Structure formats: structure tokens, C-alpha cells
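Visitor: Need the 3D shape of this:
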Amino acid sequence: MKERSKSSSVSNLPFILDIDDFKGDFSFDALFGNLVNGLLPSFQEEEEDSAVGHGIGGSDVLPHGQIRASSDASKLVQGLSAPLFPEVDALLSLFKDSCEELIDLRKQIDGRLYNLKKEVSTQDAKHRKMLTELEKGVDGLFDSFARLDSRISSVGQTAAKIGDHLQSADAQRETASQTIELIKYLMEFNSSPGDLMELSPLFSDDSRVAEATSVAQKLRSFAEEDISRAVPSVVGSATASRGLEVAVANLQEYCNELENRLLARFDAASQRRELSTMSECAKILSQFNRGTSAMQHYVATRPMFIDVEVMSSDTRLVLGDQGSQASPSNVARGLSSLYKEITDTVRKEAATIMAVFPSPNDVMSILVQRVLEQRVTALLDKLLVKPSLVNPPPVEEGGLLLYLRMLAVAYEKTQELARDLRAVGCGDLDVEGLTESLFSAHKDEYPEHEQASLRQLYQAKLEELLAESQKVSDSSGTIGRSKGASVASSHQQISVAVVTQFVRWNEEAISRCTLFSSQPAILASNVKAVFTCLLGQVSQYITNGLERARDSLTEAAALRERFVLGTVSRRVAAATASAAEAAAASGESSFRSFMVAVQRCGSSVAIVQQYFANSISRLLLPVDGAHAAACEEMATAMSSAEGAAHKGLQQCIETAMAEVERLLSAEQKATDYRSPDDGMASDHRPTNACTRVVSYLSRVLEAAFTALEGLNKQAFLTELGKRLHKGLLSHWQKFTFNPSGGLRLKRDITEYGEFVRSFNAPSVDEKFELLGILANVFIVAPESLSTLFEGSPSIKKDAQRFIQLREDYKSAKLASRLSSLWSSSS
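Guide: Got it, this is the predicted structure:
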């Protein structure tokens, strides 16, 4: 928009609009705002100039173009003044002109848009036509490329065939050339036997040793193959064959000489540590029998295989100085040090082998095999001297156990060496299998040696215990015979510590079984055999211990029989009382000793069972039937001990009852149950005999309560309670009872009943309760006897015997009175 001069007329267009004004973000509001803001100041200036020209004074011009008159003439001026915006008409005219111009511009733009659309449509049609033509051209081009590719492929195949033919022809030419050359060399070797002086320079030039080796190997291979195919059926063939044999002999001689020369050069380079020369020689020597001679020669010349001092040092390190007996712990430390040294040496040699030989794995295989077969085997032969089972070494010198421990240490450490050598590298060598073969002779007879060792240890332990017992027996020579026997017997008691030692020996043997036996079936067989040894040892040991304890009971019974009172007078009984007391003390001591033996027997069996559950079962379970067979073996082995324990417990009951009978006979007075002063108040205390019996049984049964448990304890106490009941019944048959005596008897029965209640045996409690009822036959009046057993008909038979013991049995004619009662019960 361009503004004209302010002095031009309002009727003329003050703005010129062109198409650039409508570009970008066009807004009519902005257009009209610009028009007003641009024209309004010019109109105001013209109005002010007009007002000044008419002489209007003393007035102010308002900011909106209005004139403010003075206060005196304001009304007159307001009435005569022009409109506030007199240029409205001019603006309207301007707007109309602008609208017309805008319409013209729109028409121009529409025209230009139409022309552009038409031009775009034309160009688009041309473009589409051009694309169609290009697509046709591209299709034709692809067809041309396909035909060209086909021709190129055909030409390439033809060229490849030609190349193959050329290559084949060249190979044939090369082969023919080499064959001619080889035939020429072969003729040189075929000249005369043993004549190697007239050979080509190739075979004598040290700088061309590799080439000479290759040629010689080819010639020998060709000649040997030809000889193997030749059939000497005609003279010509026979002659040819003999000629090639000369060549083969000369070639063999030359190859041997060349190989020796290379080995000498290899040795010289090895001493100077020239790895490049060694590698070159090893590469050439690999053509002779795949380099086996070079590999074996290198390994054989290692210092650890040829230095005698090395072997002596190995022996001193492991076995110590001569004349001293090596211990397994020292041998273990020595083997660890030695095997570490061997591993380090092999590791250093491996670095050289990797840098020198073209086939390092093969060399490492030979090296490791030589280490195990020579150095390790030489040491094991000195360390492991298999002992004789017929005349084993004495226990004082270590016995068979020392050999087994040495074998286990050597085997374990050598296995570790094999794993270390495998980590360093040993090619395709089965190093684990080779290690196993080193111990095969020892492992074949291992189970027999292990069982023989356990038997030797067991026998030595028994001899040690016997010597200790004999020593104690000798020291007690001044003691009385029975007391000395008791001391010796107590010293030979079953020891849980000894059984624990048996188990520890067996546990050590089982660990060796696990070490030496890799197959589950072999392991289970060896474990079962070793565990059976333990069962036999423990069974024999505890059975012998129980039998010794039984012998004490038997001796005490024999001593007791010497002082049986029988029917002798009181005066004779008093004379032998002290001897009887000594016999009783011996019996009580034997009772306690046997109970201790039974307790230790049970503890020993529990130790074996726990050991079986923790250590043996898991080794037998993988093999069908092995676990069940071992359980049956264990039950069979312990049956002998169970039998001895049962017999001994029966003897204990006999011993206890014998002492009870002695106490009753010695302490029970006739007046205890038939007091002469029957009219006086009865004594409510148990009799002295009852008190002594209960005190004795309480004292001796403390050992039984401690030693026995479970069903064994219940069966023992039940049997003892029944025997006590029977013995008391038999004892009371010797006395006569009046009513006050019956009350004392009932008090005794109550005391006995309270004591046996600690047995927790219901059948025994019932018997003593019935005894309490029976005692009433001595208390009630004769006329009440018939009603006494109405609630307990089962005791009528015992009641009949008891009633006959009443003091008034005859005087009250109880037999006739109760005859009807006895006849009804029968």
C-alpha cells in the first residue's frame, strides 16, 4: 500500500493496492484498521488548518478532531458546528473504490489460477506419457540384461571348462615333469646297493633338506607300492622288482641318515633354545613316520626322564630319609609337592612344544604318558609294597592299615595330578584311564586287604583289652576270690568307646571303598563286605561281654548255693549269716554289672544302627536288593547278642528272687502274723521282712530302670512281678495268721503293691490287688467268709489254701462250714 501526498484531494484515491498486499496472512480487519489509522491523522490536520483559517480562537482541539469552544460561545458553536466526522462520505467513496479494486483483483487471481490449472493438467498428461514410455524402455532394458546375463553365464561355463581342461593339462604336465624328475632321482638311487655318493646335489645340500626329504619320501612310497604290486611270474618282472628293491634299500638308508642328521640338528638347537630351528627341524621330521621319532626323541631327552638325581630326589621328598617309616600325612604332603613340581615342569614343556611341533597335542600325549608310566610308576613301586595276607606286617609296624592308608593317599593325589595334567593339555590321551591302570594290581585285591585289616585291628584290640584285664587281675591277687573275679569282670565290661572305635575303623574303610569303587554295583559289594566285618566284630564283642557278665551271675549263684539254709536250725543259720550276706552282695554286684552290660550293649547296637542309616544305606540303595540284604545281615548278627541278653536277664530275675527268698526266710518271724497279744492295738507298719525286700528290690532295680527301655523293660518287670507274686504266695504258706496278723499281712501286701505299681505292668497290679482281697480271709469272722468272694470267684482256689492258714481253722471247724462253698466252686 502506497500513500499519496497529504495535500491531494480526498476524492482522489490516497492508496494504491496491488497483488502483493494480498499475499501471506491476509485479513480484512487489518486492512481497514490500516486505512483508518493512515487517513485519520491527515483529516485532523486539514480540519485544524481550516479552523485556524476561519479565525476560531480560544478553543481547544479534541483528540478525536472535534473543537472545544470557550465557555462563553459554546452553545452557539454547538448549534452551528458541522458533523463530528464530516469525511464519512469520502471514506465511503474510498471503501467502494477499494471494493471494486478488490473485485478486479479477485478476477485477475481467478484467471491466473485457471491458467495455472490448465497448465498443470497439460504437464501432468505429458509426464504420464513420459512415464509410460520410460517403463516400456526399462522393460526392454531388463530383457536385454537377461539375454546378456545368459550369454555371460554360457561364456563363463565355457571358460570354466576350458580352465579345468587347462588346469588338468597343467597338472598333468606338472605331474609328468615331477614324475620325470622323480624317475631320474630313482635311477640314481637304483644304481648300486649302498652307493649314495653319486646322488644329485639336492640330497646333500643342507639348505634344501626339506625338499630332499619330500622327494625321498615320494620315491620310497612309489618304490614300495610298485614292489607290493609286482608279481614275479616272468623274468622281466623279477628283474624289475630286484631293481626297485635296490632303490628302496638305498632310499631307506638315505632317509635314516637324513633323519639322524635332522635329529642331531634338532638336539643342538634344543640345547641352545633356538625355537625357530627346532620348529623347522620338527616340521621336516614330521614327514618321517608322521614325526613320531622326533616326538619320542624330544620327550626321551627331557632331564626328568634321564637324570638319576631327579628320581632319587622324588623318593626322598615323598618317603623321607632311608630307615625312617613314612606316615600317610607326610606322604600326602610329599606327593602334593612332587606332583605340583611335575605339573609345573609339564606346563613349561607345553609352552616349548606348542612353539616347536606342528602337532603339539601328539607330543603332549607322549610326554604325559611318559610322566605317568616312568616317573610316577617308579615312585609308586617304592611307596606301595603289597603286604602278604598270610603273614601280614604286625600292628606295631602299621599293619595292613598303613598300606591301605598309603594306597588311598597315593591314589587320591595321583588322581589330582591326572586332573591337573588334563588341564595343562595331554592331547587325546586317556589320562584318567592310564592313572587307573597304575593302581589296577592294588585295586584287584583291595577288598581282601581291607577286610583282613579290620580283622587284624579287631584282634589287636581284643588282645590289648585282655592284657589290661590280666594286669588288673594280677594286681588284685590279694583280694578275695569272689571280689577279685568281680573286679576283673567289671574291667572287662562292654565299652561303648571300643565299639565306637570299631565303627570309626569301618567308616575309614568305607571312605576308601568309595574312593576306589566308581561303579555302583562294585561299590555296594565292597561296602557290604566291609560293613559285614563290623557287624561280626560288634556282635562278637558285645556277646562276649554279655557272656562274661552272665558268668558273674553264674558264679554268684554258685556261691549262693553254698549257703542255702534249708531246714537247719536258727543257730546254724546265724553262724552262716555273714557268708550269706557276702554271697548276696556278690549277686547284687553281678546284677548291676549285667544291667550295665545290657545298657552298653543297647548303646552299641544303636551306634551301629545310626552308622548304617547315615553312611551305609545311601551307598547300598542304588543296587537292587543290597540294602535289604544288609538289613537282614544286621538282624542275624545281633541275634546272638539278643540271646545272651535274654538268658542274662532271666538269671538276673533268678538272682533277685533268690535274694528275696533269703531275706524273707531270714527276716520273717512267725510272730509277725500271729501276735500273742492279739487283743492289743495292731501294728500298722509293714513287717521288717517286707521292708527289707522292698528296699533291696528298689536298690537293684535302679540299674534295670536305667539299662532297659521300651518293650524289653516292660517284659522284664512283668516277669519279675509275676515271680515276686508267686514267691510271696509260697512264702506265706509257711505261716499261721490271726486277725491282727492278717492286718499286718494286708499292710505288707499294700507295700508290695505300691512298689510293683512302678513297673507299669497292669497284669502284675491286678495280681497284687487280688492278694489284698485274699488277705481279708484272716480278718473277717468265720461266718462272713462265704460272702467274701462273691465278687471275685476267680480267687476261690487260692482263698481255700489261705483259709487253712487261719489260726482258728480247726477250732472254728471252717472246713465243714465252707465245704458247700468249695463244692460249688469246683
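Visitor: Tell me where the stretch 301-450 of the chain has helices.
Guide: 303-306, 308-319, 328-356, 360-370, 377-383, 399-424, 431-438, 440-444, 446-475 (DSSP state H, counting those that start in this stretch).
Visitor: Return the most buried member of these.
Guide: helix 360-370 (a mean of 21; mean count of other CB atoms under 10 Å). Bear in mind the C-beta positions are built from the backbone N, C-alpha and C, glycine included.
Visitor: isn't Gly545 right next to Gln493, touching?
Guide: Yes: the pair formed by Gly545 and Gln493 meets the contact definition of CB atoms under 8 Å, at 6.5 Å.
Visitor: who's more crowded, the two?
Guide: Per other CB atoms under 10 Å, whichever of Gly545 and Gln493 has more neighbours is Gly545, with 26 against 15.
Visitor: Which strand or helix spans the nearest residue to Glu667 once chain neighbours are set aside?
Guide: Leaving aside its chain neighbours, Glu667 sits nearest to Ala689 (3.8 Å; criterion: CB to CB, 6 or more residues apart in numbering). Using DSSP states H and E, Ala689 falls within helix 688-707.
Visitor: List of residues touching that helix?
Guide: By CB atoms under 8 Å, 6 or more residues apart in numbering, the list of residues contacting helix 688-707 from outside reads 588, 591-592, 595-596, 598-599, 602, 652, 656, 659-660, 663-664, 666-669, 672, 686, 713, 716-717, 720, 724, 747-748, 751-752, 755.
Visitor: Now which of those would you call buried?
Guide: 588, 591-592, 595-596, 598-599, 602, 652, 656, 659-660, 663-664, 666, 668, 672, 686, 713, 716-717, 720, 724, 747-748, 751-752, 755 (16 or more other CB atoms under 10 Å).
Visitor: Ala408 versus Phe531, what's the distance?
Guide: 18 Å (CB to CB, to the nearest Å).
Visitor: ignore the last one, Ser359
Guide: Taking CB to CB, one finds Ser359 at 38 Å from Ala408.
Visitor: repeat for Thr414
Guide: Applying CB to CB to Thr414 and Ala408 gives a distance of 11 Å.
Visitor: now Leu620
Guide: In terms of CB to CB, Leu620 sits 21 Å off from Ala408.
Visitor: so what secondary structure elements neighbour the helix or strand where Phe502 lies?
Guide: Using DSSP H and E, Phe502 maps to helix 496-516. Helices and strands touching helix 496-516, by 3 or more CB pairs under 8 Å, 6 or more residues apart in numbering; DSSP states H and E, are helix 399-424, helix 446-475, helix 520-561, helix 577-611, helix 617-620.
Visitor: can you rerun that using 7 Å?
Guide: Using 3 or more CB pairs under 7 Å, 6 or more residues apart in numbering; DSSP states H and E, the elements in contact with helix 496-516 are helix 399-424, helix 446-475, helix 520-561, helix 577-611.
Visitor: which outside residues touch that helix?
Guide: Identification of contacts with helix 496-516 by CB atoms under 7 Å, 6 or more residues apart in numbering yields 404, 408, 411-412, 443, 446, 450, 454, 457, 461, 523, 526-527, 530-531, 533-534, 537-538, 541, 600, 603-604, 607-608, 611, 615.
Visitor: Next one: the spatially most central residue of the chain from Phe531, what distance?
Guide: Geometric centre of the chain, nearest residue: Arg618, 12.9 Å, by CA atoms, centre = their mean. With distances taken as CB to CB, Arg618 is found 13 Å from Phe531.
Visitor: Now the common contact residues for these two.
Guide: By CB under 7 Å, 6+ apart, no residue touches both Arg618 and Phe531.
Visitor: what sits up against stretch 763-783?
Guide: Residues contacting stretch 763-783 (CB under 7 Å, 6+ apart): 718, 721-722, 725, 737, 739, 741-743, 745-746, 749-750, 752-753, 756-757, 785, 788, 792, 795, 798-799, 802-803, 806, 808, 812, 814, 817.
Visitor: Need the buried ones from those selected in PyMOL.
Guide: Of the contacts of stretch 763-783, the buried ones go into a single PyMOL selection, burial set by 16+ other CB under 10 Å:
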select buried, resi 718+721+722+725+737+739+741+742+743+745+746+749+750+752+753+756+785+788+795+798+799+802+803+806+814
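Visitor: how would you label Gln493: helix, strand or coil?
Guide: Three-state call for Gln493 (DSSP: H, G, I helix; E, B strand; the rest coil): coil.
Visitor: Next, work out how far apart it and Ser590 are.
Guide: 12 Å.
Visitor: Kindly report the same for Ser517.
Guide: Taken as CB to CB, the span from Ser517 to Ser590 is 47 Å.
Visitor: Of these two, which one has the most company?
Guide: Taking neighbours as other CB under 10 Å, Ser517 and Ser590 compare with Ser590 leading, 29 against 19.
Visitor: List the contacts of the more buried one.
Guide: Counting by CB under 7 Å, 6+ apart, Ser590 touches Ser552, Leu553, Ala556, Thr655.
Visitor: picking that back up, quick one: contacts of the helix or strand that comes right after the helix holding Ala689?
Guide: Downstream of helix 688-707, the first helix or strand assigned by DSSP H and E is helix 710-732. Identification of contacts with helix 710-732 by CB under 7 Å, 6+ apart yields 649, 653, 656-657, 660-661, 664, 704, 708, 752, 756, 759, 761, 763-764, 767-768.
Visitor: same thing but at 6 Å, please
Guide: Residues outside helix 710-732 that contact it (CB atoms under 6 Å, 6 or more residues apart in numbering): Leu649, Ile653, Met657, Leu664, Leu708, Val756, Phe759, Ala761, Val764, Lys767.
Visitor: Among the residues you listed, name the ones in strands.
Guide: Among those, no member falls in strands (DSSP state E).
Visitor: Is it possible to get TSV of these that adds pLDDT and distance to Asp430?
Guide: Formatted as TSV, the contacts of helix 710-732 follow (pLDDT from 0 to 100; distance: CB to CB, whole Å):
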residue	pLDDT	distance to Asp430
Leu649	94	62
Ile653	94	68
Met657	93	74
Leu664	92	84
Leu708	91	60
Val756	94	75
Phe759	92	70
Ala761	92	70
Val764	94	73
Lys767	91	78
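Visitor: how about the residues you listed, which pair is most distant?
Guide: Across those, no pair lies farther apart than Leu664 and Leu708, at 25.3 Å, counting by CB to CB.
Visitor: Report the residue spans of the stretch 551-700 of the chain with pLDDT below the cut-off.
Guide: The model of the stretch 551-700 of the chain has pLDDT under 70 over residues 563-577, 676-683.
Visitor: what does the stretch 301-450 of the chain give?
Guide: 322-324.
Visitor: With the stretch 51-200 of the chain instead?
Guide: Short version for the stretch 51-200 of the chain, where the test is pLDDT under 70: 51-86, 175-200.
Visitor: Could you rerun that using 80?
Guide: Applying pLDDT under 80 to the stretch 51-200 of the chain flags the ranges 51-89, 171-200.
Visitor: And the strands in it?
Guide: For the stretch 51-200 of the chain, the strands defined by DSSP state E, counting those that start in this stretch occupy 60-61, 67-68.
Visitor: Can you give me the neighbour number for Thr655?
Guide: For Thr655, the count of nearby residues is 24 (other CB under 10 Å).
Visitor: With the one 10 residues further on instead?
Guide: The burial metric for Ser665, expressed as a neighbour count using other CB under 10 Å, is 16.
Visitor: who's in contact with it?
Guide: Per CB under 6 Å, 6+ apart, neighbours of Ser665: none.
Visitor: measure it to Asp798 for me?
Guide: 22 Å.
Visitor: just Lys118 next, same as before
Guide: Distance from Lys118 to Asp798, by CB to CB: 148 Å.
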